[in-house]
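In: Give me a model of this one.
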Amino acid sequence: MIKYIFFNFFFLIFLCCNVLSKSSDSPNLDKNYENHLTWENWIIKKKKEFKRINLQEKTIHYLDSIKFNSKVIELDRKQPEFRLTFDKYFNNRVTQKNKKKIVLKYKDNKKLLKKIEEDFGVNSKILLSLWGIETSFGKHTGNFDILRSLASLAYDGRRKDFFSKELKLDKGHFDRNLFKGSWAGAFGQTQFMPSTFLKYALDFNGDKKINLFNKEDALASGANYLKKTGWDDELQWGEKVDIKISDNLKAISQKKIFKSTSFWKKKGAIFKNDFKKHNLLRLVIPDSNNNECYLVSKNFDVILGWNRSNYFALTVFLFSDEIK
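Out: Got it, this is the predicted structure:
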């Protein structure tokens, strides 16, 4: 029986809003997100809700020890996707040092990656890229109290409606002091949200525990997530193209409409890759100034399921291309 080592936590699933402004990833940050309840009254309300659905008393009492963390709200509203151009966002993450590091990590973990690739049918270069971008290959997994972060975001975040709808507690046991992660509630070497952990995480090294702070479990769980959410390893991800962006193409991009490669060739796209005839692509314009654009396959949307940011998804694929 596999023992889950992280339980009794809040499950919050969040969605980002994409609004075309300086960055096509930017949300409306002008809205007032203040909660009309005090933090103390909100905690009382949540405890009553949890009691109505018969959650463990021990679990409910965790709420009493949680203090509101304004820092996570500040970080949520200042994410780099919302403030930087894609070029700056990408260059901050894919440095010359990181380009060399991903190649070395690929060589050092070749046996593990080959096994994962065979078992799940997911390109190991994509896994390495996700690993590198999320935690610098396991080096930085975060030191925020996950319960405190998630509760604070549910109380007073720009996405509090989504958090509140998805807020749950699960039964079980875990070491509260070790349950650390990102400010947004993700944890482990591949930064899973708690709900994603329960649904897709697995024991890959055979120690009867699912531990996302373990490299083997983290990478295999990442592959399991991608495969089960629609990854097709026969598809190329896409490429950067130089085409003139009309209002019609902007509309096609915003509606995420897939078109054939022949359609895009008629629009002026000259492909470097030899795309298969059945490979449908859609247009992604990361910044509203239209200086650059990309044509991407359906695998792009699978990565968006991991992190709903065009900047993030494009960086994952472009970083993976550094492994020749």
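In: Does L283 fall in a helix, a strand, or a coil region?
Out: strand (DSSP: H, G, I helix; E, B strand; the rest coil).
In: Residue numbering should commence at 689 henceforth.
Out: From this message on, residue numbering opens at 689, which makes the last subject L971.
In: Does it touch E980 like I think?
Out: No. Using C-beta atoms under 8 Å, L971 is not in contact with E980; the gap is 11.3 Å. (C-beta placed from N, C-alpha, C; glycine too.)
In: Tell me which of those two has more neighbours.
Out: L971 (25 against 17; other C-beta atoms under 10 Å).
In: Relative to F959, how far out is I940?
Out: 18 Å (C-beta to C-beta, to the nearest Å).
In: all helices for the stretch 789-938 of the chain, in order.
Out: Applying DSSP state H, counting those that start in this stretch to the stretch 789-938 of the chain gives helices spanning 798-808, 812-823, 834-844, 848-854, 882-888, 903-916, 935-942.
In: Nearest to N998 among the ones you listed would be which one?
Out: Closest approach to N998 among the helices of the stretch 789-938 of the chain (C-beta to C-beta): helix 935-942, 10.2 Å.
In: Check which helices and strands the closest one sits against.
Out: Judged by 3 or more C-beta pairs under 8 Å, 6 or more residues apart in numbering; DSSP states H and E, helix 935-942 is in contact with strand 970-972.
In: which secondary structure elements does the strand it packs on contact?
Out: helix 935-942, strand 981-984.
In: Deepest-packed of these, please.
Out: strand 981-984 (a mean of 24; mean count of other C-beta atoms under 10 Å).
In: Averaged pLDDT, that one. What do you get?
Out: Taken as a whole, strand 981-984 has a mean pLDDT of 96.
In: That strand pairs with which strands, parallel or anti?
Out: strand 926-929 (antiparallel), strand 970-972 (antiparallel) (DSSP bridges).
In: Hmm, R846 is touching E762, no?
Out: No. Using C-beta under 8 Å, R846 is not in contact with E762; the gap is 11.3 Å.
In: Looking at those two, which is more packed in?
Out: R846 (18 against 10).
In: Can you add distance to K916 and give the helices and strands packed on strand 970-972 back as JSON lines?
Out: Converted to JSON lines, the helices and strands packed on strand 970-972 look like this (distance: least, C-beta to C-beta, whole Å):
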{"stretch": "helix 935-942", "distance to K916": "27"}
{"stretch": "strand 981-984", "distance to K916": "20"}
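In: Of all these, which one is nearest D905?
Out: Nearest of these to D905, taken as C-beta to C-beta: strand 981-984 at 29.1 Å.
In: Run through who's touching the closest one.
Out: 925-929, 931, 933, 941, 952, 957, 969-974, 1001-1002, 1005 (C-beta atoms under 8 Å, 6 or more residues apart in numbering).
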